[in-house]
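Participant: Whatever this is, show me its structure:
(chains A, B and C)
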Amino acid sequence: MPDNASRDIAAPLLAWYDANARVLPWRAPPGTPPPDPYRVWLSEVMLQQTQVATVIPYFEKFLARWPDFASLAAADDAELMTAWAGLGYYARARNLLAAARAVADEHGGKLPASEAELRKLPGFGAYTAAAVSAIAFGERAVVVDGNVERVIARLFALSDPLPGAKPRIRVLTDSVTPVTRAGDFAQAMMDLGATICTPRSPKCLLCPLADHCDARAQGLPEAYPVKVAKKARPIRHGTMFWAEHHGRVLLVRRPASGLLGGMRALPTGPWTDVAPALDGAPFAAGWTLHNATVSHGFTHFELVSALASVTLDGQVPVIQGEWWPIDDLDSAGLPTVFAKAADQIRRMR
DNA sequence: GAACCGTGGGT
DNA sequence: TACCCAAGGTT
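Facilitator: The predicted structure follows:
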């Protein structure tokens, strides 16, 4: 691969960043000392596949509740999962806690500075280890996220499709990453990708790198990055069960791994190709299967769930779970798909 | 490598 | 509306 195509984009990009950096609660102004590594790490985990505007309120809430590694390492698992509810990709929350405890137990309460050591902690992949090392510790690391992939693919007009082009994009990113200010450089690339070099309708007239950009020269910035076609999302069917007793509803804890792992939930039956009706009910009762359904898109399938309900008067069956006050359901920390179902049920009552 | 893993914003 | 996509990681 011809990777001698290196070009000097660091100087114009950093100059642009010095004047245009977004002001974010976890970020230090350009050219100033790095922020608290705890803040950098917390924000980077929350920002995985999640937009800045979505993250900000969660970041503020977490920082107020768990201001440092020691407090987070001592956090109650259930309280942390509840606080993460609605943000998605719940394995991030489980890994966050595991990493905080590893830092407390094995690293003297401080994050290691090197990319290689960070990479060993739960939830630190190639991107996060590089980003934290560069942004929080000023190390030179090659930071490649979705923004950087797009910017690089356009700068060099890469015709190979993603994800196959990832190794080459990493080599090219390495070739343009400066020795100093690698953290600012990474954040500048991401700000550029998020605000100027956007997936659609990029604002090339405002781009500090327009004169360096092969895709711009071709007049086809939106043609990059080339991507392989995605597979269609299948539809799965299921049923959620609403068991009510004296103003309370039965909630269960989902298994620790897998979809919505570790989260509080309504009981569900199997999710299959055909509507399973009352299969998998949490206990035998006079369930009513409603006509209304709840649809919710997950990453790799679309769920269409029926709703079944029953109101119990006398004895409550002995069953694993919590009878949660319906008026206080907002505090249960339900993932969005169950919050939707609860709203639907409450509208029907 | 490919499947799995959430949710909401933007168009 | 339906689709793309986002500061990706784990298995």
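Participant: quick one, helices of the stretch 51-200 of chain A?
Facilitator: If DSSP state H, counting those that start in this stretch is used as the criterion, the helices of the stretch 51-200 of chain A fall at A:52-65, A:69-73, A:77-84, A:91-106, A:115-118, A:126-137, A:146-155, A:166-176, A:182-195.
Participant: Would you format the ones you listed as a markdown table with mean pLDDT included?
Facilitator: What follows is these, written out as a markdown table (pLDDT from 0 to 100):
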| stretch | mean pLDDT |
| --- | --- |
| helix A:52-65 | 97 |
| helix A:69-73 | 97 |
| helix A:77-84 | 97 |
| helix A:91-106 | 97 |
| helix A:115-118 | 97 |
| helix A:126-137 | 97 |
| helix A:146-155 | 97 |
| helix A:166-176 | 96 |
| helix A:182-195 | 96 |
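Participant: Rebuild these as JSON lines, extending it with mean neighbour count and distance to A:Ser43.
Facilitator: Just so you know, the C-beta spots here come from the backbone N, C-alpha and C atoms, and that holds for glycine as well. JSON lines is the format used below for these (neighbours: other Cβ atoms under 10 Å; distance: least, Cβ to Cβ, whole Å):
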{"stretch": "helix A:52-65", "mean neighbour count": "15", "distance to A:Ser43": "6"}
{"stretch": "helix A:69-73", "mean neighbour count": "18", "distance to A:Ser43": "14"}
{"stretch": "helix A:77-84", "mean neighbour count": "17", "distance to A:Ser43": "14"}
{"stretch": "helix A:91-106", "mean neighbour count": "18", "distance to A:Ser43": "12"}
{"stretch": "helix A:115-118", "mean neighbour count": "18", "distance to A:Ser43": "15"}
{"stretch": "helix A:126-137", "mean neighbour count": "24", "distance to A:Ser43": "9"}
{"stretch": "helix A:146-155", "mean neighbour count": "24", "distance to A:Ser43": "15"}
{"stretch": "helix A:166-176", "mean neighbour count": "18", "distance to A:Ser43": "21"}
{"stretch": "helix A:182-195", "mean neighbour count": "23", "distance to A:Ser43": "11"}
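Participant: May I see the ones you listed organised as JSON lines, with distance to DNA strand C added?
Facilitator: Shown next, in JSON lines, are these (distance: least, Cβ to the nearest atom of the strand, whole Å):
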{"stretch": "helix A:52-65", "distance to DNA strand C": "6"}
{"stretch": "helix A:69-73", "distance to DNA strand C": "17"}
{"stretch": "helix A:77-84", "distance to DNA strand C": "14"}
{"stretch": "helix A:91-106", "distance to DNA strand C": "6"}
{"stretch": "helix A:115-118", "distance to DNA strand C": "9"}
{"stretch": "helix A:126-137", "distance to DNA strand C": "3"}
{"stretch": "helix A:146-155", "distance to DNA strand C": "3"}
{"stretch": "helix A:166-176", "distance to DNA strand C": "11"}
{"stretch": "helix A:182-195", "distance to DNA strand C": "4"}
